[in-house]
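[1] I'll drop the sequence and a predicted model, then ask my questions.
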Amino acid sequence: MTRYLLPVVALALLVLVLLVGLNRNPGYVPSPLLGKPAPVFSLPRLDDPGRTLSNADLAGDVALVNVWATWCSGCRQEHGYLLELARSAGVRIFGLNWKDDPELARRWLATLGNPYAAVGVDEDGRVAIDWGVYGAPETFLLDAGGKVLYKHIAPLDAQTWQAEFLPRIQAARGQLP
Amino acid sequence: MSGIGRRGWLACCLLAFLLPSAWAIDPEPLIDDPARQELYERLTHEVRCLVCQNQTVADSTAPLAADLRRELHALVVAGRSEDEIKTFLLDRYGDFVLYKPRFQGTTAILWLAPLLLLLGGALVMALVVRRRATLPSDEDADENTSTAAGS
């Protein structure tokens, strides 16, 4: 009896491991930045290249940092939802325009609407590397002190917002004195 | 039908197959110090391109791979050590960015699993061989016939 039990148990374990593996997303790379201060950056603004957008501008309250580009179809897909968030969620959204043509980016915002409090232009992708960006759209959630609370790698939608962002935002704001 | 002839054409066709390997993906300039250049090339072959995950940044034409090559090149030229450069990448992208992740708690199973499987297999084999060796050959034959008869 035990003679057959061992192979059966071994097979069951193997099947279990493989099943779990099948349901994981190999494209997802967890960010080592979670729980750490957001990388220091300073970028020219899309609307006024003479001014800069830097960490100090994000501080004071929770903030979203959304990595986008006009060449990114997922960014187009989430744009409507970002506009909705900007209108009604009560959270500031900052943009990181990644490896893009600033002129095209300005036209995109003029045509589709602008959900961003401010957009930093990262034309050569130097800042994106510091932030560990590998595929737009990506959305970071920072707390008031500039710590990275969460990172979402895919177009943002209502389901993700409710499940992942809202609870963290509420918790972060609740901890404020 | 003169000119380069059939053999010449054949040679041209074969050469065309060789060409892609000669096209350099990497436009970064050579580093004067050969040891540094060697370090740069080794690093680009060890760093994963995260948008095309089964390629190294040396093999990939993705814009992110080009950015990472530029970054690696700058760090190597600046004289940073291999360890510093790897830490730079790990701090930003995590263990997955290196094709050979460092040995630590989270990657221990990755490194030790082959060894454990090998030891497990050796153990099972040793047990089977030992049991077979202690079985009298008659009984062995009896068992075989009885199994064959489907008892």
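    Happy to help now that I have it.

[2] buried residues in the longest helix seen in chain B?
    For chain B, the helix that runs over the most residues, judged by DSSP state H, is helix B:108-134. Using 16 or more other Cβ atoms under 10 Å in any protein chain shown as the test for burial, helix B:108-134 gives no buried residues. The way it works is simple: take the backbone N, C-alpha and C, and place the C-beta from them, glycine included.

[3] what pLDDT, on average, does it get?
    In this model, helix B:108-134 carries a mean pLDDT of 93.

[4] how about stretch A:142-158?
    Averaged across stretch A:142-158, pLDDT comes to 95.

[5] how far is it from where the chain is centred?
    5 Å (Cα atoms, centre = their mean, to the nearest Å).

[6] that stretch close to chain B?
    No - on the criterion Cβ under 8 Å from any Cβ of the partner chain, stretch A:142-158 is out of touch with chain B, staying 10.2 Å away.

[7] element containing the residue nearest in space to the middle of chain A, please.
    Centroid-nearest residue in chain A: A:Thr139, 1.4 Å away (criterion: Cα atoms, centre = their mean). Using DSSP states H and E, A:Thr139 sits within strand A:138-142.

[8] touching the helix or strand following that strand from outside, list them.
    Later in the chain than strand A:138-142, the nearest helix or strand by DSSP H and E is strand A:148-153. By Cβ atoms under 8 Å, 6 or more residues apart in numbering or on different chains, the list of residues contacting strand A:148-153 from outside reads A:27-29, A:31, A:33-38, A:62, A:134-135, A:138-143, A:160, A:164-165, A:168, A:172.

[9] could you do stretch B:28-41 as well?
    Stretch B:28-41 is contacted from outside by B:Ala58, B:Arg69, B:Arg70, B:Leu72, B:His73, B:Val76, B:Val77, B:Gly79, B:Glu82, using Cβ under 8 Å, 6+ apart.

[10] first to last residue in that stretch, what's the distance?
    Counting by Cα to Cα, to the nearest Å, you get 11 Å between the two ends of stretch B:28-41.

[11] just to revisit the earlier point, close to chain A, is the longest helix of chain B?
    No - on the criterion Cβ under 8 Å from any Cβ, helix B:108-134 is out of touch with chain A, staying 9.6 Å away.
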